[in-house]
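Colleague: Build me a model:
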Amino acid sequence: MIKAILVDDEKLSLDLLTKQLQAFPEIEIVKAYSQPTNILEDIKQEKIDVAFLDIELTEGNGLDLAETILTIDASIYIVFVTAHAQHAVKAFEINSIDYLLKPVMHKRLKTTVDRLIEKIKKSRNYEAPKDKIPLYIQCFGEFNVFLNNEPLQFKTAKVKELFALLFTYMDTYVNRDYLIENLWPNQDSKKAKINLHTCLTYLRKMLNSLGYTNCIKFANQSYILSIPDIHSDLKIFNEAIYSFIKNDRKSISSAEEAISQYIGSYMQWNYYEWANDIAQEKLNMTMYLLESIIEYYYISNTDKALFYLDLQRKLNPYIDKNIQQTMNLFIKKGNRSEAINLFKNYKALLSAELNIEPDPSLIKLYQDLMK
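Modeller: As a prediction, the model looks like this:
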């Protein structure tokens, strides 16, 4: 038996669809709603297989209601019902298997019921993973999701980008308009909204197949992604920074752990424009950590100090203090020629790129070396 709910604020249409569905012995109508109140509480109490939703509702719309329903149970199938042909498009893929045009014809309804029977039969025979399949999410350099050390394949590039954005703001509600503006900035708003819902469908299905059920929720026109116990370079980076700051900058090992995760700019090779500000924020924090680590090792461990000075130059080659510290450490190790070459290369870089001279203190240090 397929358990169904119906939602339509036009009572005549609701009664008609109810009567039509009663002609199919495979369908059990659990409840028909003329107002979308109590629906969410009801589906928490009883397992529902399918929801027939009118798209145009006096209070809200069926599209948003579908998202909220799927937040509670992502396995519920959606069938949209509408009087307007422009809404009856397959782009409405919020886990929907079909759409129906009013007035609903028996033959067309039978096609929908047959699809439901086939889909639900397959879903009931499908055994979801009992345990979550371990994933590793890489954010620095290139955003990728790894399954058994192999990059996970997403349905489309936009599904991957949507996941990247939601993961960036993990456990925080992200407004739907913000998602649309950043993922489909030049697209008609209605079409962009449809694309968002379609991508969410694919993303939910992918995560569900890996054992991560109901981890995308919708409320107040916003979405939140919550995946407990996930492994990622971003999580390690953030936790290490928190530990470093919490311990009043004394936990150098935490700073080094954070730096070890920074193998490239945040989502650098994905070219997501919305990630640029976050990338700058992560770079600023990395430079702060490097400054602290270099300061710590400058007196006590020359080799480690040189290693982190080199990392700092790769991220920003225009820091006079870095050149001076590196030259001093080379001199300390007796590598006078390396100190001279470093200064010459730095002077040439400044001249070619910025058309400026090195700091006078650097010039003096170089001149003293040449005496």
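Colleague: CA only for contacts and neighbour counts going forward, please
Modeller: Will do.
Colleague: for the chain, what spans make up the helices?
Modeller: 11-21, 39-45, 62-72, 106-125, 157-168, 176-183, 189-209, 233-246, 252-261, 276-300, 302-315, 320-332, 336-353, 360-369 (DSSP state H).
Colleague: from those helices, which stretch is densest packed?
Modeller: helix 62-72 (a mean of 22; mean count of other Cα atoms under 10 Å).
Colleague: Check which helices and strands that one sits against.
Modeller: Using 3 or more Cα pairs under 8 Å, 6 or more residues apart in numbering; DSSP states H and E, the elements in contact with helix 62-72 are helix 39-45, strand 50-54, strand 216-219.
Colleague: Same list (these) but as TSV, adding distance to residue 247 and mean pLDDT.
Modeller: What follows is the helices and strands packed on helix 62-72, written out as TSV (distance: least, Cα to Cα, whole Å; pLDDT from 0 to 100):
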stretch	distance to residue 247	mean pLDDT
helix 39-45	45	89
strand 50-54	53	92
strand 216-219	34	89
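Colleague: Of all the ones you listed, which one is nearest residue 10?
Modeller: Closest of those to residue 10 is strand 50-54, at 9.1 Å (criterion: Cα to Cα).
Colleague: That closest one pairs with which strands, parallel or anti?
Modeller: strand 2-7 (parallel), strand 77-82 (parallel) (DSSP bridges).
Colleague: right, so of those strands, which gets closest to residue 202?
Modeller: Of all the strands paired with strand 50-54, it is strand 77-82 that lies closest to residue 202, at 13.6 Å by Cα to Cα.
Colleague: what's the spacing between that closest one and its chain's center?
Modeller: 28 Å (Cα atoms, centre = their mean, to the nearest Å).
Colleague: Likewise for stretch 288-296?
Modeller: Centre-to-centre, stretch 288-296 and its host chain are 30 Å apart (Cα atoms, centre = their mean).
Colleague: In CSV, list the helices of the chain along with distance to residue 82.
Modeller: Output for the helices of the chain, formatted as CSV (distance: least, Cα to Cα, whole Å):
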stretch, distance to residue 82
helix 11-21, 10
helix 39-45, 19
helix 62-72, 10
helix 106-125, 13
helix 157-168, 27
helix 176-183, 23
helix 189-209, 16
helix 233-246, 44
helix 252-261, 50
helix 276-300, 41
helix 302-315, 56
helix 320-332, 66
helix 336-353, 62
helix 360-369, 74
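Colleague: Residue 226: which of these is closest?
Modeller: helix 157-168 (8.3 Å).
Colleague: how about low-confidence regions in the chain?
Modeller: Applying pLDDT under 70 to the chain picks out residues 85-96, 126-131, 249.
Colleague: who touches the closest residue to residue 115 other than its chain neighbours in this structure?
Modeller: Spatial nearest neighbour of residue 115, chain neighbours left out: residue 97 (7.4 Å); criterion: Cα to Cα, 6 or more residues apart in numbering. By Cα atoms under 8 Å, 6 or more residues apart in numbering, residue 97 lies in contact with 77-79, 112, 115-116.
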